[in-house]
Each structure stands twice: as C-alpha cells, then as structure tokens.
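> Sequence and predicted structure, then a few things I'm wondering about:
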Amino acid sequence: MATTSPRLWRQTPYLLWLASDTGKGLAATLFSFAVPLLALVITGDPAKAGIIAAVGTVARLLATLAGGVLADRHRRIVMMTLGAALSALAAGAFTALALAGGIDFLTLLLFEIVLAGVGGLFSPAGEAALKDIVPEQMIGRAQAANQGRDAALQLAGGPIGGMLLAAGGWLIGAAMMIGSAVSAVTAWILGRRVGWRRPDASQERADAASALPANALRELREGVSWLFRRPDLSTGTVVATVINLGLNAGTTTMIYAVLQSGYSEAVIGWMMAGSGAAMLIGALLAPTLVPRIGAGMLMILGLLCCTAAVATGVFVESPWGVALLISGAVFLLPALNAAFSGYTMVATPTALIGRVNSVGGVLSMGAMPLSPLIAGFGLAWAGRTPTLIFSFALCAIALIMSVASRPLRSIPAEAGWAEHAKQFDSVPASTPAPTR
C-alpha cells in the first residue's frame, strides 16, 4: 500500500526546498509577466517586445544546458543559494533603475538576458537537489505538490503582476527581490540542516583539472547518450516535446481565432483564467492520483484528453466552448507531469540527474516558441481548420507513441517506480563528475 500523502509534509528538508523554489518561481513569474508589457509601454513597438522575449528564450535554453552540467559537478544546495542571491541582486538593480526612470529597451533586454541566464544556470541544480533530500518513495508526491504550487503561481501571477505594474514598474522589481531573497535564505537554511555536500559525494571522482570549457560538451553528451539509450525515458521525453508543440499550437490557434472574431482581450483573459483554474484543480488532485494510478496510464489518459480537445476545437468556435475545451485538455497535465518527472528522478542516477533534467527542459522549452508561429502563420496562410487539424495530428502522434511503447505505458504507480526502472539499468551510467 502506498505511503499516505501527509507524511510528505512532515519532511522539513522538502518544506525548506519548496519555500526556496516557490520564492524563485514567484520572481520568475512576475518578470515574465511584466517584461513584455513594460516593453510595449516604453517602446510602443510589439516587435521590440518580441525581440526581448526571443533573446531571453535563447539565453535560457543555452544556460540550461550548461546548468545541467554544473548541477552534476557542484554542490547543488550551494548553487541554489548562489543563484537566488544573484537573482535578488539583479532584481534590486532593476528596482533602482526603475525608480530612477532609467528603464528603456536596452536595459530591459539586458535584464532579460541576465535573469534568463541566471535561471538557466542555477535552476537545474535546484531541481536535482530534490532527489538528494526527498526519500525515493515520496518523489512522486513531491513532484505532484510542486505542480500544484506552479499552477497556483501561474493563476495568481497575472493579477498580482498587473496590480504591481499599475502602481509602478519598480514594484515588480521589489517583489522579485523579496521572492529571490526568501529563496536564498531558505536554501541557505536547507544547506545548514542537511549539509552542503551531496549524499553521493564520496563516490565522485576527484578530477581537479576538470574545467567547464574543456569538458562541458563531453559531460553533456554523456547525459544525452544515457537518456536516449533508455526506452522508457527517451520515449517519454520525445512524447512530451511533441504534445507540448501540438497542444500549445492548437490552443493558441483557438485563442487567436476568438480574438480575430472580435471578442475583447478581457474575454480572452477570462478564458485563460478558467483554464488556469482547471489546471489548479488538477494539480490539487495530482497527489492523490500519482500514488494510485500508473504513470504510463496517466500519460495516456492525459494525452487522450489533449488530443480530443484539439480535435473537437475544429467544430467549436465560441469563446466559452473553447475555454471548456482548453480546461479539459489541461486538467490531467499536472498529474501527468508529476508522474513522469517523478519517475525520471527515481530512474536517473544522482550523478546524471542535472543533465537529464536540463535536456528534457530544453526540449520542452524549445517547442514552446514554435507554437505561436504555427498558430500565427497557419491562420494567415491556411485558416483555422487546417491549422487545428495539423495540431491534432501532432497530438495524435504523441498519443500513438505513448500507447505503442511498452516501457512507457507499463510504468506503474509511485511505489513501483524503482523496481520498474531496474529492468533498464543495464545501460551504463557515466562516471560521476567532480564536486567543487
């Protein structure tokens, strides 16, 4: 019988980790909300706002790959603390410049690069640290709780950011600084409580001559090679990338079409609030579902909901009908994400978890910017129905891949993850990287 959920909340190291990660997440949510709006207000040019977003995405993608290598080399809680402290300093500088009236296109672009780079370099260490501090049998419920936290941040981030931005752009910076400071302090307390060194430090090779420029690519290749030799994890990673692309392209197409039909931005906002509420409810249910339903089955059910919603979108054009479809599509996503990410964390050796997580994150993030391009060009060149059919085809491919892959569809519920992963452990892990 699975361990009951309440025991997770008696794990003080996890609570400290969650507080640190939540502070960091709030700061990131506020900045991602505020930057495009500030860019539009300051420059009056949507293209410049797009440039800032695109440059920030590229910076984060590149930094995340390097961050995965760093997370497997260095003491992860130290990196959590350092990354949060650097974010707090950057947010403080942003606040000071905003108060002085010094925010323009170039400074926004600079802060976007800095904060995206810091997030990419240090976030993989925070994610990997969860494996070091949470008992293996609770990883799934920890990931499910994280999904609930993320959904709450996404739902609350817009209203909070809007109120702060209306009162003054500097308040966004101040709130970011407070969130990052909370993240740094709680990460430091976590390090004091559990120790600064990783649990497997005694097994790591002591190659003092190792340096990031000389070995980063080789170490990254080791992580990628290990991941894609695992049929359970590699198929799940590809499926996640394809469904992200198909679902986001489909929902963006439906939303753009509603806007083109003459409905106001306020209607779009309420539509998104409805889907956010559905995801939050799904996230609250995830800790109950993950220990009881196989991760493979959760993935198939979640993909089926996404595929059905995009397919039905061909016939539904009213804003509230579209909102209902999007809500149905995203309802099981928190449980799906928690189950697969939790299984990945259990199945992956500690010495590789930073690189494996970063590769998955980059593939997921890399698909996201393509979705509005598919929706925008599809609507302009082909129209709503063909674009949705193309998006449906992507979702269907992901669903078929998940059903056809026995290693993926047979992943059990949380209690059986470690045993299931053992059958693929004949794949040799790379030599652990040194800790510094």
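On my side now, so go ahead. Numbers count the residues shown, from 1 in each chain.

> How about P412: what's its closest non-neighbour residue?
G294 (4.8 Å; C-beta to C-beta, 6 or more residues apart in numbering). C-beta: built from backbone N, CA, C; applies to glycine.

> what does T387 give?
T387 sits nearest to G378 (C-beta to C-beta, 6+ apart), 3.1 Å away.

> Would you agree the one you found is in contact with I389?
No: taking contacts as C-beta atoms under 8 Å, G378 lies outside contact range of I389: 9.7 Å.

> quick one: which of these two has more around it?
Ranked by neighbour count (other C-beta atoms under 10 Å), G378 and I389 place G378 first, with 22 against 16.

> In terms of secondary structure, what does the helix or strand containing that one contact?
Assessed by DSSP states H and E, G378 sits inside helix 370-381. Contacts defined by 3 or more C-beta pairs under 8 Å, 6 or more residues apart in numbering; DSSP states H and E place helix 370-381 against helix 231-260, helix 384-404.

> try it again with 6 Å
Packed against helix 370-381 by the contact rule (3 or more C-beta pairs under 6 Å, 6 or more residues apart in numbering; DSSP states H and E) you find helix 231-260.

> Give me the distance between T57 and W226.
Using C-beta to C-beta, to the nearest Å, one obtains 26 Å as the distance from T57 to W226.

> who has more neighbours, these two?
Higher neighbour count among T57 and W226: W226, with 22 against 16, using other C-beta under 10 Å.

> Pull the contacting residues for the more buried one.
Applying C-beta atoms under 6 Å, 6 or more residues apart in numbering, we find W226 in contact with L352.

> Please compute how far stretch 114-127 lies from its chain's middle.
12 Å (C-alpha atoms, centre = their mean, to the nearest Å).

> Ok, stretch 319-339 next?
Worked out by C-alpha atoms, centre = their mean, stretch 319-339 lies 16 Å from the chain centre.

> which regions of the stretch 151-300 of the chain lie under the pLDDT threshold?
196-214, 265 (pLDDT under 70).

> now do 80
Where the stretch 151-300 of the chain drops to pLDDT under 80, the residues are 154-159, 161-162, 165-166, 196-216, 263-269, 272-273.

> go on, the stretch 301-436 of the chain?
Applying pLDDT under 80 to the stretch 301-436 of the chain flags residues 364-369, 372, 425-436.

> Which parts of this protein belong to which domain?
Domain segmentation of the chain under automatic domain parsing yields 9-197, 223-426.

> A216 is nearest to which of the ones you listed?
Closest to A216 of the domains of the chain, according to C-beta to C-beta: domain 9-197, at 5.0 Å.

> picking that back up, can you list contacts of the helix holding G378?
With contacts defined as C-beta under 6 Å, 6+ apart, helix 370-381 is touched by L245, N248, A249, T252, T253, Y256, T387.

> And stretch 73-80, how far out from the chain middle?
19 Å.

> Quick check: buried residues in it?
For stretch 73-80, a neighbour-count test (16 or more other C-beta atoms under 10 Å) marks R73, H74, R75, R76, I77, V78, M79, M80 as buried.

> Just the closest of those residues to L153, please.
Among the buried residues of stretch 73-80, and counting by C-beta to C-beta, the member closest to L153 is M80, at 17.7 Å.

> What helix or strand is that closest one located in?
helix 76-99.

> Tally up the residues packed near S261, please.
Neighbours of S261 under the rule other C-beta under 10 Å: 12.

> just T350 next, same as before
19.

> related to what we said a few turns ago, which elements pack onto the helix or strand following the helix holding M80?
Downstream of helix 76-99, the next assigned helix or strand under DSSP H and E is helix 105-133. Packing partners of helix 105-133 (3+ C-beta pairs under 6 Å, 6+ apart): helix 12-43, helix 46-73, helix 76-99, helix 353-367.

> Now render the ones you listed as JSON lines, adding distance to I374.
Below are the helices and strands packed on helix 105-133 laid out as JSON lines (distance: least, C-beta to C-beta, whole Å):
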{"stretch": "helix 12-43", "distance to I374": "20"}
{"stretch": "helix 46-73", "distance to I374": "16"}
{"stretch": "helix 76-99", "distance to I374": "32"}
{"stretch": "helix 353-367", "distance to I374": "10"}
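
> among those helices, which is nearest W270?
Comparing those under C-beta to C-beta, the one sitting nearest is helix 12-43, at 17.0 Å.

> buried set for the closest one?
Residues 13-14, 16-36, 38-39, 42-43 are the ones in helix 12-43 that count as buried (16+ other C-beta under 10 Å).
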